[in-house]
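Novice: Using only what follows, build the 3D model:
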Amino acid sequence: MSQEALSLLRALNWLPSTHPTLTAPLLDWLIEEDSMTRRFEQHCRQVTVRPMREGFINADELTDERALLPDDARFWLREIVLCGDDEPWLIGRTLVPESTLNGPEQMLQQLGTRPLGRYLFSSSTLSRDFIEPGSVGALWGRRSRLRLSGKPLLLTELFLPASPLYRDLA
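Specialist: Okay, here's the model as predicted:
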């Protein structure tokens, strides 16, 4: 399931937030400014992370993501499944330019089973450049360029069928 979901994550088609298929309840989820981990915690007893892949990749392994990040040679890649009460709700892919990984931001390499949102949203230096909604088939996703102390990282998220996002749309 996870490899299939990862290929769907990479196949997301990005849409302007004014696209007619983006209803208000859907945008309420896709343009969420706060931590998605925190949002999920309102719908379950426990949010957990299942790491799938973590490590450095070369710039030539990036797709259209490359245009949204600095021209570094290497990037820290973290791909995870975020679960609500052990049910997979979201696939997350974080790309961190090597140049971002200095100072306190080195912690991004040591998150393990901790949700990224818990780390990011506890930082007073967090800002967001944009949130871009997307879809692939009947699934929805989003990507954001975030900055810690002005240093960028790219987060792409795909909401899996069991996600509470879809219950709110029903």
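
Novice: tell me, how many neighbours does Glu33 end up with?
Specialist: 8 (other Cβ atoms under 10 Å). To be clear about C-beta, it is placed using only N, CA and C from the backbone, and glycine gets the same treatment.

Novice: Just grab the bridge partners of the residue lying closest to it once chain neighbours are set aside for me.
Specialist: In space, and not counting its chain neighbours, Glu33 is closest to Arg128: 6.9 Å by Cβ to Cβ, 6 or more residues apart in numbering. Beta bridges link Arg128 to Leu146, judged by DSSP bridges.

Novice: Just the pLDDT for Arg128.
Specialist: On pLDDT, Arg128 comes in at 93.

Novice: Please name the residues that touch it.
Specialist: Taking Cβ atoms under 8 Å, 6 or more residues apart in numbering, we find Arg128 in contact with 33, 144-147.

Novice: 7 Å - rerun?
Specialist: Neighbouring residues of Arg128 by Cβ atoms under 7 Å, 6 or more residues apart in numbering: 33, 144, 146.

Novice: What segments of this protein are helices?
Specialist: Using DSSP state H, the helices of the chain run over 2-10, 24-30, 36-41, 116-120, 164-169.

Novice: Need the ones you listed in TSV (columns: mean neighbour count).
Specialist: Formatted as TSV, the helices of the chain follow (neighbours: other Cβ atoms under 10 Å):
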stretch	mean neighbour count
helix 2-10	15
helix 24-30	15
helix 36-41	19
helix 116-120	19
helix 164-169	15
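
Novice: With respect to Gly134, which of the ones you listed lies nearest?
Specialist: Closest to Gly134 of these is helix 24-30 (Cβ to Cβ; 8.4 Å).

Novice: So what touches that closest one?
Specialist: 17, 133, 140, 142, 165, 168-169.

Novice: Check pLDDT for the residues you listed and point me to the minimum.
Specialist: For the contacts of helix 24-30, the pLDDT minimum is Asp168, 79.

Novice: show me the contacts for that residue.
Specialist: 25, 29.

Novice: measure it to Leu26 for me?
Specialist: Plainly put, Asp168 is 8 Å away from Leu26 if you go by Cβ to Cβ, to the nearest Å.
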